[in-house]
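Asker: the sequence isn't on hand, but the structure is:
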């Protein structure tokens, strides 16, 4: 069963592997009385069910060709697009560590991981709290600088070989790296969806490499 999460405005987003997308939509059609039509746009594909429910897939690594409105379930171009072999850069960052790597078809080819100590916030007050906060801020700067340096070393020299970059981790940490001018071209290749991952390490990177190929399908029931 793929990961699922609630989405704003009602409905849920389900993470689906490319190899399972065709079967997923067939089961969606079966649960909702069939499919009226499919709308294929460069950035999204929407399938409208007979009962009024919809399933919308954001197109990763787009744009999608062969667009238009079609009767019934017409997702073959989407499936072919999702199954295209790609080399993807991975940048996973949290305050406690980071992992960077390159994967092809969900398998990590090269990687680098690192863990840095960043202490939690202190509940104490006064001068001690201020000193603790300064030390923590220093640890955060060191950790994020190390993440940026490893991204420069591992990913930047390989940008011409990559089809896209997939991000993951803490959004605030990623925003700090986004401001690093050395990584501007890397972030220009980044996909809109960032993966929710725990503290990065090699096993987390391997899981992210597999998930980087997945798509999110937003289901809104009638």
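Answerer: On my side now, so go ahead. What you are looking at is a predicted structure, and each value in this text was computed from that prediction instead of being measured.
Asker: what about stretch 154-174, how long is it end to end?
Answerer: 17 Å (CA to CA, to the nearest Å).
Asker: try stretch 199-215
Answerer: For stretch 199-215, the end-to-end distance is 22 Å (CA to CA).
Asker: likewise stretch 95-110?
Answerer: 22 Å.
Asker: centre of the chain to that stretch, how far?
Answerer: Taking CA atoms, centre = their mean, to the nearest Å, one finds the center of stretch 95-110 at 13 Å from the center of the full chain.
Asker: with stretch 87-97 instead?
Answerer: 10 Å.
Asker: now it: buried residues?
Answerer: By 16 or more other CB atoms under 10 Å, the buried positions in stretch 87-97 come out as 88, 89, 90, 91, 92, 93, 94, 95, 96, 97. For glycine as for every other residue, the C-beta is placed from the backbone atoms N, C-alpha and C.
Asker: same deal with stretch 191-201?
Answerer: So for stretch 191-201, counting by 16+ other CB under 10 Å, buried means 191, 193, 194, 195, 197, 200, 201.
Asker: looking at this, residue 52 is in a helix?
Answerer: No - Residue 52 is assigned coil when assessed by DSSP: H, G, I helix; E, B strand; the rest coil, not a helix.
Asker: what's the burial count for it?
Answerer: 12 (other CB atoms under 10 Å).
Asker: sounds good, over and out.
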